Each structure stands twice: as C-alpha cells, then as structure tokens.
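**Student:** coordinates for the following, if possible.
(chains A, B and C)
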Amino acid sequence: MHPAPSIIIFTVLSGLGFGLLFWLGLGIPDTKGWDAFAIYAVGFICSVVGLVASTFHLGNPQRAWRAFTQWRSSWLSREGWFAVLALMFIGLYALFIIFFENRMNVLGFIGSILCLITVFATSMIYAQMKSVPRWNHWTTCALFLLLSLAGGAILAGQSLAGLVLLILTGIAQIIVWTKGDERFTERGSTIETATQLGHIGKVRLFESPHTGTNYLLKEMVYQVGRKHAQKLRRISFVLMCIVPAVILLLLPSNLFFIAIAALLHLGGTFISRWLFFAEAEHVVGLYYGKR
Amino acid sequence: MIKHKQPDINLSPHVSDEIRKTTCYMCACRCGINVHMKNGKVTYIEGNRDHPVNRGVLCAKGSSGIMQVNAPSRLRTPLKRIGPRGSGEFEQISWDEALELATSWLKPVRETNPEKLAFFTGRDQSQSFTSFWAQAYGTPNYAAHGGFCSVNMAAGGIYTMGGAFWEFGQPDWDRTKLFMIFGVAEDHDSNPIKMGIGKIKKRGAKVIGVNPIRSGYNAVADEWIGITPGTDGLFILSLVHELLKAGKIDLNYLANFTNAAVLVNGEQNTENSGLLLRDENGKMLVIDRDTGQPAAFDHPDVKPDLAGKLQQAGVTHRTVLQHLSERYLSSDYAPENVAERCGIPASRIKRLAAELARVAFDESFEINQAWTDFRGNKHEKMIGRPVSFHSMRGVSAHSNGFQTCRALHLLQILLGSVEVPGGFRFKPPYPKPIEAHPKPHCKSTPGSPLNGPHLGFVRGPEDLILKDDGTPARIDKAFTWENPMSAHGLMHMVISNAHAGDPYPIDVLFMYMANMSWNSSMNTRGVIDMLTDKNEDGEYIIPKIIYSDAYSSEMVAYSDLILPDTTYLERHDCISLLDRPICEADGAADAIRWPVIEPDREVRGFQSVLCDLGARLSLNGFVNDDGSAKYKDYADYIVNHERRPGIGPLAGFRGKDGQNIGRGEVNPDQLQQYIDNGGFFINHIPDEATFYKPWNTAYQDWAVELGIYDSPQPYVFDIYCETLRKFQLAAEGFGERQPPDHLRERIKQTHDPLPIWYKPFEQEQVDENEYPIHALTQRPMAMYHSWGTQNAWLRQIHGRNPLYIPTKIWNDKGFEDGDWARVSSVHGEITVPVAHMAALNENTVWTWNAIGKRKGAWALDENAPEATKGFLLNHLIHELLPANGDGLRWSNSDPITGQAAWFDLKVKIEKVDAQLQTQPGFAPIKSPVGQGPKDLSWQVG
Amino acid sequence: MTDLPKQTQRKLGLVIDLDTCVGCHACVTACKGWNTENYGAPLSDKDAYGADPVGTFLNRIHSYEVQPEQGCAQTIHFPKSCLHCDDAPCVTVCPTGASYKRVEDGIVLVNEDHCIGCGLCAWACPYGAREMDQTAGVMKKCTLCVDRIYNQNLPEEDRVPACVRTCPAGARHFGDFSDPQSNVSQLIAERGSLNLMPEQNTKPVNQYLPPRPKDTWTDVDSTATTSTPVAQEPKGFLAWLDRTLDSL
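**Tutor:** Numbering: from 1, shown residues only, chains lettered A, B, ... in the order given. Below you'll find the predicted structure:
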C-alpha cells in the first residue's frame, strides 16, 4: 500500500495524542494549572493535528462531515465519532482541572475509555481489510493500542508503565512483522485464485492493461525492497522500543529525557508505520503480477 | 445519526440532441458509426447497428474517436517550410498562397515532363479518385500503400481465384465449422473478424491459428501452430501433400470450376512449353470425359477429365492436376521432411490435414437452393464444405509471400471450399477474373493525361511498364523484371529510387497520409537522410515535397508545403464500389463520410484540395469546357462524377429520383439520401446467387445489372497461373521482351506456375549462425499505426513497447524483468527494453508496431514514453537486400509483386544494461502545433 | 444505510467469455467514452499528452499467459471491472454512505455528491474495480451503465452497458442472474463459470466463462486420420484418380 504521509501522520500522531489523553483522563500524572494546560495541549495538539492530517488525502474534504453518518457500518465513521466524543469528554475534564482545579473523575474515565476506543477504531480501519492480509488480524489492533498506550505513557512521564508497555509493544511489533510476513501466503490468494485460471496451468501476467501506471498501482501496489525493509525494521525497532526503554530504565525521569525518549519513540513509530503501509500487499497486485 | 437513503437517480438522462451517422476512419474496416451530438459538439461515438460491416459493434479505436477528433496534434493551417528540412520550422500561410505555390510547382512539371511528379498516397481511402487525378495529371508515378502492406495477398488471390481475403471476401461465418488463420495481423480486418470469431465460438466450432505469436485472434484459437516465420508456404504444401495422398480433394469442384483439368502444353523447350492448350478462339482445352476428345473448358456439355491426356505430334499434353499431383506427392513435401524447417511436428501436420479433410468432406452439408452454372448445367443443391481460411500480412510480407498466398488458395481450392456454403465467400465487386482488370499504363505526354490507369494486372512480359530502352518507366520500378506483377506499386521504393536517381530523378514528391520519415519506411534513418540530402549545388536531391496529413506526424517536418487535411468527422468521402468498398458476401454496399461537424481550423479535405488543384492545373475531368472548375469540392465530385455513363462513385440512390441502383443518372440529392439511410447503401444478392459466384449465372446477371461488370464474366480458378509461366518462358529465352541476364535465374526459379516455397531472400543472404532469430512486428488491436498515439485514451493502453522474447532465448541470455537488449541485424541495431513471452515461436522475437515516436511529433511531450521507451523495428530493416558483391541494388521485396519483405528480418540479441532511452535516438523536431494540454476532463454536458 | 441489502430484487451483472475475448480493448474505451460524458464527473486524464499519462478507467483488460504442464503456453485476455458483489466490502467501509448497493437490481454505485474521496472503498475491493478520479476527487466505478439500461431515451436494444453493446466478439453478456431463464444464467449453466478470488467471500455477481480446452490435437489420433492413403506416389494417384472419376 502507498505509504501516504498524511495517513502516517494521522495514525501516528492521533495514536500518540489519544494515548497521552488516555493517561491524563485517568489522572496520570496528576497535574494542575499551567502544567496541566501544557500537557493536555500536547495531547490535544497531537490528536487534532493527526485528525486534520487525515483529511489531507481526501478528494473532497469539504464534505468530510458526511463521514459521521455511517457509524453503524463504517469503522472510519466510528473513528470520527469516538474521536470527537473522546476529545469532548477529555476536553471538559481538562477544562475543569485547568481552570477550576476540579477533577471530575467520571468524565476523565469515560474520556480515557473513548480514547482507547478511538485508537481501536483507527486500527480497525486497517484490520478489517481482507484485501490486505497483512493487516487483517487482531494483532494490528493490539499493536496500535500498545503503541498508543506506550507513547502516551512516555509523554505522561510514567517510566515503569512506559517500560512495560514498550516491552509489550516490542513483542507485539515482532509478532506483527513475522506473522504478517506469512499471512498473504496463509490466506491463499494467488494469481491463480485471482484469475481462476490455475486449472489450466501456471499463470503469469503477460501484458498489463496499460503501459503506464494508474490509481490502483499508485495507491495499492507499493514495492519496497526486502533488504531495505529489514534495515528499516531494525532502525524502527531500536528507536521505537529499545532506546526509549533504556532511557526510561536508566536515566532520570526529567522533562529533557522524557522529550528525548518521546521523540525517538515517535521517530521509530513513524518508520514502523511507514513500513506498516509500504510492506502491506493488497491482493489487487496479483492481477498486475505484483507479489 | 443520519439515516442513509438510497439516492434517487435519473435513470433516463438525456443522451444526445441528435445522432449523425457516418463512417469510421480509424482503420480500413470502415465501420458505420453513430455520432452523438449535444450543442453541436460530439459527445459519444458508437457503432451503427444497421451497418453491414460492424452491426453496431465498434473497436477500441473507433470508440476513442472523440479523442482523435479533438487531438491537439491536428494541423491547423497550411504551412510553408522556413527552416531546413527536418527542423520543423514553418510559417503559416493562407490556402490561396498554399494552392498557388503548389500550382507553381506542379504546372511546369506537367507541361515539360509529368514523370517528374511522384504522387503516392498512403492510407488513402479514395484511391479511385486520387488515381483519377494522377491519371489526368499525366504522371506514370502513382500508387497507394499496398506495395508495403499486403499486395502479395491481394495479387496472389486475384491471380489465383479472382479475389482475395479481407476486402475481397470473407469466411461463411454462419456455417463454417473449422476456421484456420495464417499470419493475421490483428487489425486486418478488425471488427468483422472479431464478430466472425464470436459467431464461431458461440457455436463451439474450431479456430486454428497459424502464427509465430499467440496473441489476439491466435489467443482464442483452439489449436495454435507457432510456425517459424516465412515457412507457411512449405507447411501448406505439406498439407496439400497429405490431402493428395489421402485422395481427400474435391474432384467435381476441381474438374468443373478450376483449370485443374486444362491441358498443359507438354512440348519441351519451345515458346509454348508449359502454356495452357487453347482452341482457335483462345479457349482453354480440356479432355471431355464422355468423348475423350479435346473441348473448350466452358462448352455446355463438356465433362472436364482431370485424368485426361492428349497425344499430339509425339508430345503428351497432360492436365494441370497431373502436374500438380506429381509435384506435391513428392517426398519433398512429406510432413517428416518439412517439420523441422516449419517448427511444427510432422504428427501435428498430419493431424491438421486429417481434420481439414474430415470437416470438409465428412461434415459436408447441403443447402436446398438450385442454381445454374455458366455451362448451363442446373444444380439442385449447394454443397457445403465447412472449412474456411483467412490470412494477412504474416504470410504476405515475405519475399516468398506471393507463392505462399497462392499455395494457401490452392489448399482452399483442393478442398472445394471457395464460394461454397461453409467455406470462403467473395464480396462484390469480387469475384472478378484477371481478364476483367485493367493492365497497367505508363505513357506520359507533356500537358496530357496518362494513356490509362496506372495500376493493373499484367498478363505477360508484353504488359510490363518499361520505356522503349527497356528501363523502368515508373519511379518505383513497378511492373519491371524485378517485380513484374507489382499490382499495387512499390511505395516503399519511391524515396530511395528518387534519391538514387534510379531510374530517374524527380522534381516534386507529393504524398498523402504516409509517414515515410518514420514508421511507414524500412530503414527510417536512411530515408530521413535521403529526404534531407543535398546535391553539390546545395539543393535538396528531392527538390520539392508536398504533403497532406490531418496530424502533426513525423513526415510533416520533412516536407516543404503542408496541406492540412480534416479529421474524419469533418469531411466528405465515399467508400466506393469503384475502389475498396464495404461489401458483404450477401450484398453490394458502399458508404459515405460527411461533415458531422465543421472544422474549427483552416483545414480542407485533401480530396477537395485535389479538385481545386486539378482545376488550377486545367486537368481533364476537373475543368468545364470554359476552363472553370468542374467540382466545387469532393462532395460535388462524389455526386456528379461519372466513370462510365450512369456509373459513379456511389451505387445507391442513383437516377433523378434516387430510385436506381448501380446504374443511373446523377442524383443531386444522393448524399442526403445516403445520410438519411444511415450513411450507407446495401443491395442484397438474390438467394440463388449467393454462392458459386464466379460460375453462377444468377450472380453474373445481378452483377451486370448493378454495373459491376458490363457483361457476364464467368471464369475458372487458375490453380496453374499461366502469367507466371509466361515470365518463366521469357527468362528461358523465349519471346521478344527479355529480362536482363542477372534476373533470369531468379525469374525461372520464383515464377513457377504452380505454388512453390523457397527460403526468404534475407535468410538466404545473411549468416544465420550470426543472426539466428526472426524478428516481427504486429499492430495492437487498440491502436492503428501511428494515429493512435496522439489519442489520450489509447496511448495509456499502448504508450511504449517492449521486445517480446521467447522462453528459450530469455533463459539462454539470462534476461530478467526490466532488462534491455541490443538487437542487431545485418543492416543496423537498436537498443530496447525486453519482456518475456512463452506463447511464442522459440526462434522469434517481436514487438508492437509504430508505438515508438519521434520527439516533438504528434503534439506529445518530448519525454513521452513513446519517444523514450518506445521504438521501431524499422531501423533494422532495409529496403535493399545486403550487398552480395555483384554491384547491383536488389530490393528487399517479393520478386513477383515487389511486396516489401518486412518479415524476412533476422537478428541477434545481446543483453545490455538498462537504459533511459531507446536507441537509435533522434533529435527532437519542433512541433508545428505546440504540445497538448496537461490534463483532460472531457464533458460536453 | 450502507449496510448491504439482505436481498436485491434482481441481480444484474455481466458474463464475460474468456474463450472468446480477443483482448481488443473496445469495451475499455467505449466505457470510457460513455462514462466520461454521462454518470457523474468525467473520467479525467492527467498529463494526457505528457510523459506519464494517468487516467481513470472503469474497465481494463489484463492479458495473462498460462503454461500448462504439457504443451504450449496459452494467452488469455481478461477484462475486469466491478463485479457488483453480493457481499461488497467496498460498500460497508464507506464512511459517508456514498457507496451503496441498489435494492432494485444489485448494482453497486457511488453517489458522487456524498463521496469525500477517502479511497477506503478502493482499498476494500480485492479486484481493483474502483479508481479515484484525480481531477474530481471522487471514487469512480462501473455503474453497469445504470443510465443506459433503463434509459427511455435509448432504443430498447441499446439498453445494455456500453461495453456489451460495443464488444465486437460478443464476449460480454448482460442480464439478470436471479432469473434462471435469463441469457446469463443459461450461459453459466451450460459452460460453467469462474468466481474470482472465492477466498475473499465477496460473492461476485459477474461471472467468467472459462476458456475451452486448447491444443488438444497434439498427435495423430487414429480416429481422425485420413483413411488409408490412396497413393504414395504420382502414378498410384493417377490410377486412383481414374477409378474415382469413373465412379462419379
């Protein structure tokens, strides 16, 4: 799949933002006044920038409001609703904390749950795609949620929780990568099932329908070299999990180190998310002889 | 939550204000089209359901016509060259200026030496008109593009059976049970073959494809024979061997409807040896099986004896069939002995022969339709032989193509499957015996018309087009000893010969729709040089070039004066019975084009321009007695011209009230009546006349009534071609007109009166160990020659072309996807991208034709894939054969017809590093029309 | 709602005959022409005359090469457009309800006025049937020419999709699969049909007729061989000829 920057920014930043807001909704860390303002602002900025970025890839963003209509069937629509609700609850909760120093735990708790559901809904946009076997698995949701929680924990200054979550994230990431590498084959889609010509013999594409490219190839058939991908996986894993975990484990939990850990984690997550798209093969590629 | 409702959509939107019915021009099929109009603009083009050619269907090109009509590459005004030839630098001039300039070039030539004008038209669909103009002008140098297209197929058919494939005939699609195609390029023809294959497939009948490449029609063939290029003749004669051996030939048919029973003069080494015996009236003689006596072949009671013999003065004269059986029963043609050369296992050849015989004879059927033959014999039934064939350029474009085409017709005739139910059927104005065709003419006189039509069918050395000193009278050397039966001329030799001054230099080269500086020439680079070469005085060797085209093709830059033509929706045309009509086996049909939109540019239909030029030059037939212009434009000509009294370009709606068919006086409302009838006219053949046309009295009478003939012209098929024998006799030293000595042997060998096979010349001459691979081109169905490239839709389908390589070579050379190769012939080399194809003859490579483009042409970006990744195979092919040390120029053509031997090419291949640009690269030419718009979002609304 | 209808009143779709399609691309451009001028936004072309032309098409022809275990390879032309699946995953993912499956006839359509151009439906489709128009920013797909098949302004015989009307080989058939007597139902009953990517469980409505077995005449088989030769050499042939002519 084409690793579109807008979608990578959307999923990474909104995941991080909602992850932070999740912790904040539970009162972790317990802040007040301008401190609270600052940390909530980080959460809100990340989530909102992410959500706004998601509209950049729309052909007709002026109609984006229509995306709220189909919550009964569409995960994208649900994601929209939950994001708005989560932001409303957490926003209200934050307002009371910042301006009235009044912590309304119920609001925060509901907001936190909504944050998690939002991230889950985001992950389901991808996990529901049967046409992309690598994504079409519960581990996609698990990884999105863990990354969100881990990133949120780092930003929330929660060294221990962050450490545990980073380890879990790392494990999930490795499972997602290794199991994901096999899933296309496991699901059994081949050029023969795509064309149903396998009963005659071995099928290969002779001529593409067009000598140039098209939307499908640009959007859904992205090829990344295996060696290149392996290198990126290592870099992303180190940045996203190992280095932040080491920082959380060994270095003092101050703003500076939290920022370093968060930024490295964010950078690693961006690479991981880029790979999430770039390595995902859509079955339509089979029709174009791309596998 | 907002509840979703299924929207209400308008299921009956307004489609169009008006439908205008005209004729497509995206290839030579000439399908009927419905042009939908809104607000005076074209919105959609679809096939015309009533039209006899396409019955409503339309191909990819036709369906993209809107992009052709609106192409940014359309020329906009007349242009006069101001930069050097090839630069693309022009100034725009007015039509008056353009026509005056053209007249100032053409008039002095006509008044002094008309042969100094060479007028050749490429994909012209108005040859009856353009040849009429050229004849009136008086130059002997006129032809269209048949010589580099498929003259072998046309001439091979006409010399053998009075008609050929494609425009001349068609399989009996509704009844045939086995359809076999040889070397069929996928647009010859296009929709009718697809429709026919569709019918065959619907019935579950069989298709056999003989082609080195399994694409298109061969892809749907039930059996694919991946033959080695150039060996079709050998393969066919091996089938003939098998059929003779099994006695599976139609003896009745052969005896009655062919010259199989005619006696061949058995004298040795006389001026008559090998000619057909004739009576005092010139009628061919057969032995009557009842009397045992010789009799004229067409005598009412004669029963021609295939086994007949005549002993006279110690000489035994035997029938054609006896000669034929002697030749083809020879083990030279046994499957085992041809298998390796053809690349087809002997067992497969035997099986094919068996199937042909089984279907032709065991699945024979009858139609209860009585008919009467030319001898007056009444037949109660029509007997079906449901085996049919079609063939085109793959067989034709070899230096042994003419004889291969004859071999194929021989096969059809032995099976008795021509003009019978389930077999191959002629389309009017065919069948037409060779005697009913004109002979070629060349006598040019300053200031006067030529003494007759340029092109025709020679019947012997006496008809060759030679000057008194024996040198060629035509610039293309058509109808000379080099290629005596070149019925379509040799357009591919014109520039080369004019440049060499051989047989003579010319002053004006006038061309129409012929992309000679690119894909329509062999040796493209060489032709470009010939067009730009100057003599020691600094003048161009070909001094003046006038060119007419609708689009900014590669040829525009190499011309001095451009006369911009219209697109096909902006013009009048007639698809005439005098020319290449659109008839069906069941009826005679013709059609028109008419301007369904008016041009928005300073362009004029080329034929109208010729009417104007004809008047300016005061050509006979183009001026009235008072010297004024006879025709306002081409439409005026179409309606008012009479070729013979009562016979004009269009056969329908003749006579004052438009009620006459075929013959009748001029009808001023004729075009409107065509328009009202959907743009065409069809007259159905009576049931009694639908088969056996060459021998069927009812057909002959119908054809006379329609004006196709002036009197009935029954004839028998020439299995034995006496014309060829006459040239052989000359080469043996008999007769007054004698070939030059260097050609004697070749004529003796190749002009055999019975079909033969010989190795194509280029393969004879090059070292096949060094150049072991055959290289071919095919046209993609979705693109017609170069025209498709400018079409924004079609160029997305075919924007570049790889060289397709068979598995064996692919693996041997270690090719992988994305690789490039250097391909060399004895003549040149190209560097191109490659791709793998398994369903391909293992010694053959190929590519799509004419995708490659010159930078700057066709209003495309200079970095268009057509110009960077596309390529032409033409660079590897020369119009002359490799020098063999005898100091002579041997053209790379069929020695009988002069057909360009495109497909004789042999190459070698080496893997090279991937490139950014195919080679040879050419400098960009300046586009006279700029470049097309960036994005298209086309909707009239 | 963008849930799929439980059942549609009719099941309109195409049968595409892979034994007959010669790969001419006529259906591709006829479709492009009709749908550029009609339903919704025109099918645009970016860089139409440039180095990288990319346009929107609703129907495209792939060409495959199939190598059997024995014998020569086959070339098979493979037209592909929306299959109007019964379980169309493209419909349920749509966040705006722009994508829907019509209750009346099962045609899957995009209401372009509601389409935000998120591309999710194209992702969900395993067949590559949907293409986002790069100029209009809305999703385009085969409409089965919904503006032709019921169009009172067209003669009745023309009320078929543009691709079917134009197909020169007659390899495309349009009809109602819910009616066992329809042309399309009869064709698949007679010739069998191919259901693309069954593992995706989309239940395509469009069906493909399989190519008939090819290249079966690999050897001489005794039943098909011509009977005993009448002659091995010219002399014997003449004797046979004479005998046969006598009996005619």
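**Student:** can you pull out the strands in the chain?
**Tutor:** Went with chain A since none was named. Assigned strands in chain A, in chain order: A:202-207 (criterion: DSSP state E).
**Student:** that's the wrong chain, I meant chain C
**Tutor:** Per DSSP E, chain C carries strands over the ranges C:12-17, C:45-46, C:54-55, C:60-67, C:74-80, C:99-101, C:108-110, C:130-132, C:139-141, C:172-176, C:207-209.
**Student:** which stretch among these comes nearest B:A901?
**Tutor:** With distances scored as Cβ to Cβ, the stretch of those nearest to B:A901 is strand C:74-80 (26.8 Å). Just so you know, the C-beta spots here come from the backbone N, C-alpha and C atoms, and that holds for glycine as well.
**Student:** tabulate the CA atom coordinates of that closest one in CSV.
**Tutor:** This file holds the C-alpha atoms of strand C:74-80, laid out as CSV (Å, rounded to 0.1, in the frame of the first residue of the first chain):
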residue,chain,number,x,y,z
GLN,C,74,-1.8,-20.0,-23.8
THR,C,75,-2.6,-16.3,-23.9
ILE,C,76,-5.8,-15.3,-22.1
HIS,C,77,-7.3,-11.9,-22.3
PHE,C,78,-9.0,-10.9,-19.1
PRO,C,79,-11.4,-8.0,-18.9
LYS,C,80,-12.1,-6.7,-15.4
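**Student:** could you list the paired strands of that strand along with their orientation?
**Tutor:** With DSSP bridges as the criterion, the sheet partners recorded for strand C:74-80 are strand C:60-67 (antiparallel).
**Student:** ok, residues contacting the partner strand?
**Tutor:** Outside strand C:60-67, the residues that touch it by Cβ atoms under 8 Å, 6 or more residues apart in numbering or on different chains are A:191, A:195, A:197, A:200-210, A:214, A:287-288, B:215, B:219, B:837-839, C:21, C:23, C:25, C:27-28, C:73-81.
**Student:** redo the strands of chain C as JSON lines? Include mean pLDDT.
**Tutor:** Compiled in JSON lines, the strands of chain C are given as follows (pLDDT from 0 to 100):
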{"stretch": "strand C:12-17", "mean pLDDT": "98"}
{"stretch": "strand C:45-46", "mean pLDDT": "98"}
{"stretch": "strand C:54-55", "mean pLDDT": "97"}
{"stretch": "strand C:60-67", "mean pLDDT": "98"}
{"stretch": "strand C:74-80", "mean pLDDT": "98"}
{"stretch": "strand C:99-101", "mean pLDDT": "96"}
{"stretch": "strand C:108-110", "mean pLDDT": "97"}
{"stretch": "strand C:130-132", "mean pLDDT": "98"}
{"stretch": "strand C:139-141", "mean pLDDT": "98"}
{"stretch": "strand C:172-176", "mean pLDDT": "98"}
{"stretch": "strand C:207-209", "mean pLDDT": "98"}
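**Student:** got any ranges where the chain has weak pLDDT?
**Tutor:** Since you didn't name a chain, this refers to chain A. Counting by pLDDT under 70, chain A contains no low-confidence residues.
**Student:** ah, no, chain B please
**Tutor:** Per-residue confidence of chain B (counting by pLDDT under 70) places the weak regions at B:1-4, B:187.
**Student:** of all residues in it, which one is closest to chain C?
**Tutor:** Nearest residue of chain B to chain C: B:G932, at 3.0 Å (Cβ to the nearest Cβ).
**Student:** spit out the contact partners of the nearest residue to that residue once chain neighbours are set aside.
**Tutor:** Beyond its immediate neighbours in the sequence, the residue positioned closest to B:G932 (Cβ to Cβ, 6 or more residues apart in numbering or on different chains) is C:Y49, lying 3.0 Å away. Contacts here follow Cβ under 8 Å, 6+ apart; on that basis C:Y49 touches B:72, B:790, B:792, B:859-861, B:864, B:931-933.
**Student:** filter these to the buried ones?
**Tutor:** The neighbour count (16 or more other Cβ atoms under 10 Å in any protein chain shown) marks B:72, B:790, B:792, B:859-861, B:864, B:931-932 as buried among these.
**Student:** list just the nearest of these to chain A.
**Tutor:** Looking across the buried ones among the contacts of C:Y49 and measuring by Cβ to the nearest Cβ, the closest to chain A is B:A864, at 10.3 Å.
**Student:** give the contact list for the residue lying closest to that closest one once chain neighbours are set aside.
**Tutor:** Closest residue in space to B:A864, ignoring its immediate chain neighbours: C:A51 at 5.8 Å, by Cβ to Cβ, 6+ apart. Listed by Cβ under 8 Å, 6+ apart, the contact partners of C:A51 are B:861, B:863-865, B:868.
**Student:** same thing with B:G605?
**Tutor:** The neighbourhood of B:G605, defined by Cβ under 8 Å, 6+ apart, consists of B:565-566, B:570-573, B:633-634.
**Student:** which of the strands of chain C sits closest to A:I117?
**Tutor:** Minimum separation from A:I117 across the strands of chain C (Cβ to Cβ) falls at strand C:99-101, 24.4 Å.
**Student:** any residue of the closest one up close to chain A?
**Tutor:** No: judged by Cβ under 8 Å from any Cβ of the partner chain, strand C:99-101 stays clear of chain A, getting no closer than 9.4 Å.
**Student:** need the contact partners of that strand.
**Tutor:** The contact list for strand C:99-101, computed with Cβ under 8 Å, 6+ apart, reads B:4, B:6-7, C:2, C:4-5, C:8, C:84, C:88, C:90-91, C:93-94, C:107-111, C:115, C:121, C:139.
**Student:** which of those count as buried?
**Tutor:** Using 16+ other Cβ under 10 Å as the burial test, the contacts of strand C:99-101 include B:4, C:2, C:4-5, C:8, C:84, C:88, C:90-91, C:93-94, C:107-111, C:115, C:121, C:139 as buried.
**Student:** got the contact list for residue 152?
**Tutor:** With no chain named, the answer covers chain A. Contact partners of A:G152, counting by Cβ under 8 Å, 6+ apart, are A:16, A:18-23, A:43.
**Student:** chain C, not that one
**Tutor:** Going by Cβ under 8 Å, 6+ apart, C:Q152 touches B:S12.
**Student:** recalculate using a threshold of 10 Å.
**Tutor:** If you count contacts by Cβ atoms under 10 Å, 6 or more residues apart in numbering or on different chains, C:Q152 has them with B:11-13, C:159.
**Student:** repeat that for B:V940.
**Tutor:** B:16, B:36-44, B:66, C:36-37, C:42.
**Student:** closest residue of the stretch 1-150 of chain A to chain B?
**Tutor:** Residue of the stretch 1-150 of chain A nearest chain B, by Cβ to the nearest Cβ: A:T69 (4.4 Å).
**Student:** can you give me the helices in chain A?
**Tutor:** Secondary structure of chain A, counting by DSSP state H: helices at A:5-25, A:33-55, A:75-100, A:105-127, A:138-155, A:159-187, A:191-195, A:215-220, A:226-237, A:243-250, A:255-278.
**Student:** same question, chain C
**Tutor:** In chain C, the helices defined using DSSP H lie at C:26-37, C:89-92, C:120-124, C:146-149, C:162-166, C:183-191, C:234-247.
**Student:** so what's residue 118 closest to, chain neighbours aside?
**Tutor:** Reading this off chain A. Nearest to A:T118 is A:F82, by Cβ to Cβ, 6+ apart, at 4.1 Å.
**Student:** meant chain C, my bad for not saying
**Tutor:** With Cβ to Cβ, 6+ apart as the criterion, C:C118 has its nearest non-adjacent residue at 5.6 Å, and that residue is A:L58.
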